[in-house]
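>>> predicted model follows, preceded by the sequence.
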Amino acid sequence: MREAIYFIALLPPAEIQKEINIFRNYAAQAFESNHALKAPPHITVFPPFKFHEKYESKLINTVDKIADENPSFYMQLDNFDVFNKTNVIHIKVLESDSLKKLHRSALGHMFSDYEMEYKSPHKFVPHISIAFKDLKKSFFMRAWSHFGSTKYERAFKTDLIALMKHEDQKWETVSEHYLEE
């Protein structure tokens, strides 16, 4: 049985995903950055990790436990930003106590259920990628000029957490779980 790559993410409501995909499609067409289109718009709460596919149902149960422990909450998107020393342009997600709690819950379950730790070299910075690591330096200034001057502020209730799996060069949703009301 093979290992697959998974991650856990919050998914915005469909209408917000549709708006975000307009930005991502523009980045792909105007700046040749289409890597972000390989996954639905999301906020990563536990970064990609390898896991044996035959135990995928256990991962689904873990995500279900995370959802059961965390209530739905309001999230705010606050314009565009860029990560220092990268070409990654993203939508800023304002941190909240509820989002931090959900992130800690995911970390706790992944450690207690699988002794898996958060191995990202970066601290948790909630965001939604628009132009990703495939954005060439030659396009970066034009892309940042465009997105940096574009206003995009939204608030929405987030109630959906998902297990994502890398399949055929893109990310597929394995399971979706509703946060407690």
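Structure received.

>>> quick check: phi and psi on the residue nearest to E181 when sequence neighbours are not counted?
Spatially, and ignoring its direct neighbours in sequence, E181 is nearest to S72 (6.2 Å; C-beta to C-beta, 6 or more residues apart in numbering). Yep, even glycine has a C-beta here, placed from its N, CA and C like the rest. Note on S72: its backbone torsions stand at phi -60, psi 160 [degrees, to the nearest 10].

>>> give me the number of residues near E172?
Neighbour count for E172, taken as other C-beta atoms under 10 Å: 13.

>>> shouldn't it be within a strand?
Yes: under DSSP: H, G, I helix; E, B strand; the rest coil, E172 sits within a strand.

>>> that one against M164, yeah?
Yes: contact criterion C-beta atoms under 8 Å: E172 and M164 qualify, at 6.9 Å.

>>> the helices in the protein, which residues?
For the chain, the helices defined by DSSP state H cover 14-31, 56-69, 97-114, 137-148.

>>> any chance of JSON lines for the ones you listed, columns mean neighbour count and mean pLDDT?
Formatted as JSON lines, the helices of the chain follow (neighbours: other C-beta atoms under 10 Å; pLDDT from 0 to 100):
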{"stretch": "helix 14-31", "mean neighbour count": "16", "mean pLDDT": "98"}
{"stretch": "helix 56-69", "mean neighbour count": "17", "mean pLDDT": "98"}
{"stretch": "helix 97-114", "mean neighbour count": "16", "mean pLDDT": "97"}
{"stretch": "helix 137-148", "mean neighbour count": "15", "mean pLDDT": "96"}
